[in-house]
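Asks: could you look at this predicted model? Sequence included:
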Amino acid sequence: MLNYLKGLTHVTFTCKDFLAMRSFYRDTLGLKELFVLPYNDTALKGFREGGYDTTELKPGDIWIVYLEVAPRQFVELFNLPYNGDNETQNAGFHHFCLRVENIVEAARELETKGVTLYNGPKWQNAPFTEAYPENPIEAGKQGQCGSLSFYIQDPEGNEIEIMQYTADSWQVKSRASARVTAP
Amino acid sequence: MKFVEIAHIALRSKNSEEFEKYYTDVLELPMAFELRTPKGKVWSTYFMLPSGQFIEIFHGGELPGSAVKDDKYIGDNRKCDRSHFHACFEVDARHEAYRDMAKKNVDITYSSNDSVGMCGSWCSFITDTEGNEWELMEFSPISRQLSDQMDNMGYTG
C-alpha cells in the first residue's frame, strides 16, 4: 500500500441546475456549506477548452461550493453545465456511498422530505412502495456484503447509496483484518 | 441525519482486467472482497484504502435480479458529457506521489511552482484507464477545507 495515500476526501459533480444541487446537498442531506470559490478567466478558459459551454458564466460568478460530509470529507459542486443528459447507466461513474450510523433514521428523515428510496440504482430498480422497514435485518434488507443500504438520486440523477454497516459487514471484517481504526 | 464518511466510490469498467490492474499496481490498493452473481460470476470488487474506505469496481455482465444483460457503458466516458467530474484522494506527501507516478510512467499534472490552488490545498491529477480523473490533494495550513479545524489537522510540512 502506498504510504502517502490516505483516503477519499471528496467527490465532485458538475451541475446543470446548480441551485437545485446546492439545495439538495445542503438542505435535504444536511451537509454544512464550508466555502464558495468564484470563477476567474483562467478557470473559464480551461473549461471552454475542455468542451464545456461557458457562455452563461463570467468571472466572479460562483464556480465551486464545498459541503462537508464528515471531517476531511466533502462533496464539491461545480456551477458548470455538462453537455449530455447524465445517463447514469451509461457512464464510468456508477455511484458514491455515504455511510450513516442509523439507516432507519436516515430513511425516515429522507421520506419525510419527500425523497424516493430505491433498493438499488434507479435504472435497475423500482422505488420502495412502503416505508423503509423499522427492522431492516429482520426484513431481509442485508445485501450480499452484509451491510444495509438504499439508493437515492440527486437532482442531476447521480446515484447515492446510503449505507449502514452491521456486525456481518464484509467492509467491517476487511477493516478488522487490516487493523484499520477509522470511524 | 449524520454521515460518518464517504464509504466508497463505485466505477464501471469496459476493460476490467486493465482497470483492476490500475488500482492494484498503480494505486497499490489491496483487494478486500468480491460480490458475486447467483451463478458465481464476480459482479463487483472492493479495494480498500488505508482509511478503511473503498473503491468498488463493477465488471459488467448480467446483473442479479435485473433485466440488464451487460452493465457496461457505451461511449467514451467523456468528462464534459456527464455530471461526475472527479473524485479525490487525500495524500500527505505530494512530492513522493509525483515521484511515484513518474516512476510508474503515469501522467500526473501539478503546479510547476508548487503553489496551492484557490482552496489553499495542493492539487494534482491522474486519470485511470477508463478516463475517470482522480485528484490527489494535500491539505496545507491555509486549506479552506480545514479552516475550522486548523489546530487538529496534524500538518507536518
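Replies: Arrived safely.
Asks: for chain A, what's its nearest residue on chain B.
Replies: Per Cβ to the nearest Cβ, B:S51 is where chain B lies closest to chain A, at 2.6 Å. Heads up, the C-betas are built off the backbone N, CA and C, glycines and all.
Asks: quick one: residues contacting that residue.
Replies: A:6-8, A:180, A:182, B:5, B:90 (Cβ atoms under 8 Å, 6 or more residues apart in numbering or on different chains).
Asks: which ones are touching the closest residue to it other than its chain neighbours?
Replies: Take B:S51 and drop its neighbours on the chain: the residue closest to it by Cβ to Cβ, 6 or more residues apart in numbering or on different chains is A:G7, 2.6 Å away. Residues counted as contacts of A:G7 (Cβ under 8 Å, 6+ apart) are A:182, B:49-53, B:89-90.
Asks: and the strand or helix carrying A:G7, average pLDDT?
Replies: Using DSSP states H and E, A:G7 maps to strand A:5-14. Strand A:5-14 shows a mean pLDDT of 98.
Asks: repeat for stretch A:114-122
Replies: Here stretch A:114-122 scores 94 as its mean pLDDT.
Asks: buried set for that stretch?
Replies: Using 16 or more other Cβ atoms under 10 Å in any protein chain shown as the test for burial, stretch A:114-122 gives A:115, A:117-122.
Asks: now swap in stretch A:105-113 and tell me
Replies: A:106-107, A:109-110.
Asks: over to stretch A:48-58?
Replies: By neighbour count on 16+ other Cβ under 10 Å, the buried set for stretch A:48-58 is A:52, A:54, A:57.
Asks: how does chain B divide up, domain by domain?
Replies: Here the domain parsing of chain B from automatic domain parsing is B:1-60, B:85-146.
Asks: same deal with chain A?
Replies: According to automatic domain parsing, the ranges for chain A are A:8-86, A:94-183.
Asks: re earlier: I'd like the contacts of A:G7 laid out as TSV, including pLDDT and secondary structure.
Replies: Output for the contacts of A:G7, formatted as TSV (pLDDT from 0 to 100; DSSP: H, G, I helix; E, B strand; the rest coil):
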residue	pLDDT	secondary structure
A:A182	72	coil
B:L49	97	coil
B:P50	95	coil
B:S51	95	coil
B:G52	96	coil
B:Q53	97	coil
B:F89	98	strand
B:E90	98	strand
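Asks: let me know the closest of those residues to A:L67.
Replies: B:E90 (16.6 Å; Cβ to Cβ).
Asks: who touches the closest one in this structure?
Replies: A:5-9, A:72, B:51, B:137-139.
Asks: how about B:I108?
Replies: So B:I108 contacts B:97-98, B:101-102, B:124-126, B:136 (Cβ under 8 Å, 6+ apart).
Asks: what packs against the top strand by length along chain B?
Replies: What stands out as the longest strand in chain B, according to DSSP state E, is strand B:3-12. If you count contacts as 3 or more Cβ pairs under 8 Å, 6 or more residues apart in numbering or on different chains; DSSP states H and E, strand B:3-12 packs onto strand A:5-14, strand A:62-70, strand A:93-100, strand A:159-164, strand B:54-58.
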